[in-house]
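**Student:** Provide a 3D model corresponding to the input given below.
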Amino acid sequence: MASASAHPLHQIAESPTHRLLLKQWLKEQDLISRRISLKESRMDSVRKEIAFLYCFFFILHSLSLLVLFSSSSHDPASVGCKRMWVPSVASLLCSLSVLWALRYKGDTEASIKKLLEREREDELILARCLDELKRKGLEFDLMKEVDALRRAKTLRVEAKGTSGSKKKWDFMSIILVLVSFGVLVMIRFVLCN
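**Tutor:** Predicted structure coming up:
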């Protein structure tokens with residue numbers, strides 16, 4: 001019986017402060033895991049919206065070229081060439097609005113990713129403290145360990161890894177702008193030839 005009461009979990013059950021701390025940390029761990037799952041689902045929905053915007057961008061330009069090509073076969077070349085600025089401006093405005101939406105969603109994804117990484121770090125730190133409490137029992141020094149947990153949360157150094165995602169979005173923006181200008185050249189070619 002003496003060996004059973006010496007087990008750290010039995011010691012925690014007998015001590016009201018350690019038992020309360022264990023309950024609070026288990027609740028905190030559950031809350032953190034719920035926040036992580038919410039952020040992951042939010043990140044998935046943002047990525048789906050980004051994919052939809054890419055598809056919309058290319059479908060929009062494909063349909064506009066298709067409509068212009070079919071309408072240019074009915075009109076003489078001189079009339080269509082004089083009114084070329086209307087579809088060009090419409091195409092450019094649509095391209096810029098889709099590009100802005102993509103940049104906005106990309107920034108949203110980057111901020112959610114940063115928050116998700118922070119939540120995962122918090123979950124890892126809390127799991128370590130819980131394991132330490134369960135392992136040590138009454139030998140767990142509340143002041144020292146809780147202060148170490150607070151210090152680990154406050155002294156967290158942000159990694160400067162956001163430049164890679166910015167480079168990716170800048171590269172995609174350049175490609176989409178080039179595609180937009182290519183569509184403008186195609187509009188001129190379709191309407192004037």
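**Student:** quick check: longest helix of this structure.
**Tutor:** If you go by DSSP state H, the chain has its longest helix at helix 16-72.
**Student:** and that one, what does it pack onto?
**Tutor:** helix 8-14, helix 85-136, helix 142-154, helix 162-192 (3 or more CB pairs under 8 Å, 6 or more residues apart in numbering; DSSP states H and E). For the C-beta atoms, the positions are set from N, CA and C on the backbone; glycine is no exception.
**Student:** what's the angle from the longest one to helix 162-192?
**Tutor:** What separates the directions of helix 85-136 and helix 162-192 is an angle of 160 degrees, with axes from the mean of the first three to the mean of the last three CA atoms, to 10 degrees.
**Student:** before we move on, the earlier item: closest one to Asp30 among the helices and strands packed on helix 16-72?
**Tutor:** With CB to CB as the measure, helix 85-136 is the member of the helices and strands packed on helix 16-72 nearest Asp30 (10.3 Å).
**Student:** Would you mind pulling up the elements that that closest one packs against?
**Tutor:** helix 8-14, helix 16-72, helix 142-154, helix 162-192.
**Student:** Turn the ones you listed into CSV, columns for mean pLDDT.
**Tutor:** What follows is the helices and strands packed on helix 85-136, written out as CSV (pLDDT from 0 to 100):
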stretch, mean pLDDT
helix 8-14, 77
helix 16-72, 89
helix 142-154, 69
helix 162-192, 74
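**Student:** a markdown table please, covering those and showing mean neighbour count.
**Tutor:** Formatted as a markdown table, these follow (neighbours: other CB atoms under 10 Å):
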| stretch | mean neighbour count |
| --- | --- |
| helix 8-14 | 16 |
| helix 16-72 | 14 |
| helix 142-154 | 12 |
| helix 162-192 | 14 |
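**Student:** among these, which is nearest Lys134?
**Tutor:** Short answer: helix 8-14, nearest of the helices and strands packed on helix 85-136 by CB to CB, at 6.1 Å.
**Student:** Now that closest one - C-alpha only, CSV.
**Tutor:** Extracted in CSV, the C-alpha atoms of helix 8-14 (Å, rounded to 0.1, in the frame of the first residue of the first chain):
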residue,chain,number,x,y,z
PRO,A,8,3.0,10.7,-8.2
LEU,A,9,-0.6,10.6,-9.4
HIS,A,10,-1.7,9.5,-5.9
GLN,A,11,0.3,12.3,-4.4
ILE,A,12,-1.4,14.8,-6.8
ALA,A,13,-4.8,13.4,-5.8
GLU,A,14,-4.0,14.1,-2.1
